[in-house]
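# output the structure for:
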Amino acid sequence: MKFGVSTWLWTSPFTTKTVAMFPKLKRLGFDFVEIPAEDPALIDGAVVRRALGDEGLTAVVCGAFGPTRDLTHEDPKVHQVCFDYIARSLDLCAEIGSPIFAGPMYSAVGKRRLLPPAQRQVEWRRAVENVRVAAGLASTRRVQLAIEPLNRFETDLINTAADVVRFVDEIGHPAARVMMDSFHMGIEERDMEQALRAVGPRLLHVQVSDNYRGTPGKGQIRWDAFKRGIDASAYHGGIAIESFTPEIVELAGAVCFWRPMEPSQDGFATEGLAFLKQLFAEP
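Got it, this is the predicted structure:
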């Protein structure tokens with residue numbers, strides 16, 4: 001198992017200058033970096049690829065889907081804005097060697113409403129059709145989409161493993177697969193093992209933090225069930241620690257981070273990595 005960490009644990013947005021963090025991430029013991037592509041225009045892919053190679057790291061690119069990036073919107077012009085962003089992010093993936101573009105690309109994060117069933121179905125079909133287009137854009141760049149369910153407080157469309165399995169199966173494109181996140185599963189799933197079993201071979205990427213979005217192993221997540229589910233799905237990808245810091249005010253407001261979750265962000269990373277390595281150590 002390979003282990004990574006999102007640079008969101010320390011900073012936002014990711015820019016070309018953020019590669020200065022890579023030597024530290026390597027010293028901390030990580031195998032790969034999750035790069036949040038909030039604005040691909042801020043990132044020189046050639047510089048990032050060279051910096052990754054210098055440290056012997058690989059990367060996974062994650063998307064950020066705010067109100068203007070919404071594939072369920074009724075206005076096709078909004079869809080085009082989102083497609084343009086996805087295409088630029090996929091170009092970045094290809095340039096830095098990331099085989100994965102991950103995130104909740106089906107809708108804008110924070111879009112949550114109690115809709116009539118008919119309207120819900122309209123938005124669901126719109127998301128299926130539009131993410132199928134995005135999967136086509138990904139496949140031409142030899143990249144796959146890792147589509148992420150979010151908890152009910154962040155989206156009203158795809159919350160559970162059952163939701164994302166149905167969604168990906170309806171898309172029906174080989175480049176459309178699944179990312180699961182222990183934080184969101186800890187809110188939405190009755191049984192984390194069964195959720196991961198349900199995703200099965202569709203699983204392409206995994207993110208982790210504990211139930212309070214803090215260090216893995218320090219909260220209430222049933223990590224034994226998580227590991228059994230990962231093992232049962234025959235998953236061979238990477239596991240990345242993802243969380244945030246209240247010191248980055250704009251991002252903190254978006255993810256409702258009103259206080260630090262740990263005394264030290266470096267400690268968060270090192271202790272979380274040690275826990276994950278122990279959890280997945282060979283018997």
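# element containing residue 278?
Counting by DSSP states H and E, the element that carries residue 278 is helix 265-279.
# pull the CA atoms of that helix into CSV?
Output of helix 265-279 as CSV, limited to C-alpha atoms (Å, rounded to 0.1, in the frame of the first residue of the first chain):
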residue,chain,number,x,y,z
GLN,A,265,-0.2,19.9,11.1
ASP,A,266,3.1,18.1,10.8
GLY,A,267,2.2,15.9,13.7
PHE,A,268,-1.2,15.2,12.1
ALA,A,269,0.6,13.9,9.1
THR,A,270,3.3,11.9,10.8
GLU,A,271,1.0,10.3,13.4
GLY,A,272,-1.6,9.5,10.8
LEU,A,273,1.0,8.0,8.5
ALA,A,274,2.4,5.8,11.3
PHE,A,275,-1.1,4.6,12.1
LEU,A,276,-1.9,3.7,8.5
LYS,A,277,1.4,1.9,8.0
GLN,A,278,0.7,-0.2,11.2
LEU,A,279,-2.9,-0.8,10.0
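# please list the outside residues in contact with it.
With contact meaning C-beta atoms under 8 Å, 6 or more residues apart in numbering, helix 265-279 is reached by 1, 3, 5, 9-10, 24-25, 28-30, 208-209, 214-218, 223, 227, 239, 241, 243, 245, 261-262. Every residue, glycine included, has its C-beta placed from N, CA and C.
# just the buried members of these?
Among those, those classed as buried by 16 or more other C-beta atoms under 10 Å are 1, 3, 5, 9-10, 25, 30, 208-209, 214-218, 223, 227, 239, 241, 243, 245, 261-262.
# which of those residues fall in helices?
Residues of the buried ones among the contacts of helix 265-279 located in helices (DSSP state H): 25, 223, 227.
# tell me how far the helix holding residue 278 is from the chain's mean position?
18 Å (C-alpha atoms, centre = their mean, to the nearest Å).
# pLDDT of it, averaged?
Helix 265-279 shows a mean pLDDT of 98 in the predicted model.
# cool, stretch 220-238 as well?
Average pLDDT, stretch 220-238: 96.
# now the strands: where do they sit in the protein?
Under the criterion DSSP state E, strands of the chain are mapped to 2-6, 32-37, 58-63, 100-103, 144-147, 176-181, 203-208, 238-241.
# distance between the last one and the chain's centre?
Same thing as strand 238-241. How far strand 238-241 lies from its chain's middle: 9 Å, per C-alpha atoms, centre = their mean.
# give the buried residues for the lowest-mean-pLDDT helix or strand in the chain.
The weakest-scoring helix or strand in the chain, judged by mean pLDDT, DSSP states H and E, is helix 249-255 (a mean of 83). Of all the residues in helix 249-255, those buried under the rule 16+ other C-beta under 10 Å are 251-252, 254-255.
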